[in-house]
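**Q** Below are the sequence and a predicted model; questions follow.
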Amino acid sequence: MTTDKPALPAPTLLRWEIGIALLVKIILLTGLWFLIFRWQVRPPSKPDVAKHFAVAAQISPATSSLSQP
């Protein structure tokens with residue numbers, strides 16, 4: 001029987017893998033945080049876009065005289 005030690009990857013490779021894994025974890029947790037807290041701010045129903053952009057009707061003297069008999 002041989003008593004060969006298991007081959008370990010290079011330490012620099014492990015540092016890169018750990019660094020990338022931590023970066024992915026931070027990105028995913030940040031995205032999850034934004035999803036959770038953005039849902040809390042949303043209104044219960046969809047806003048009425050037409051009501052939001054509605055302009056109050058203005059009656060000018062020229063058109064008001066036309067509607068009177």
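**A** Structure's in. What do you need? Remember, predicted model here, so these are calculated numbers, not experimental data. Numbering: from 1, shown residues only.

**Q** Just the element for residue 51, please.
**A** Here residue 51 sits within helix 49-52, counting by DSSP states H and E.

**Q** tell me which residues of that helix are tucked away?
**A** For helix 49-52, a neighbour-count test (16 or more other Cβ atoms under 10 Å) marks nothing as buried. (Each C-beta comes from the backbone N, C-alpha and C, glycine too.)

**Q** by contact count, what packs against that helix?
**A** Using 3 or more Cβ pairs under 8 Å, 6 or more residues apart in numbering; DSSP states H and E, no helix or strand is in contact with helix 49-52.

**Q** Show me what that helix is in contact with.
**A** Around helix 49-52, nothing counts as a contact under Cβ atoms under 8 Å, 6 or more residues apart in numbering.

**Q** Can I get it as CSV, trimmed to CA atoms?
**A** Backbone C-alpha positions of helix 49-52 (Å, rounded to 0.1, in the frame of the first residue of the first chain) are rendered in CSV as follows:
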residue,chain,number,x,y,z
VAL,A,49,-52.5,55.8,-14.8
ALA,A,50,-55.3,57.8,-16.4
LYS,A,51,-56.2,59.5,-13.1
HIS,A,52,-52.6,60.3,-12.4
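
**Q** Okay then, goodbye and thanks.
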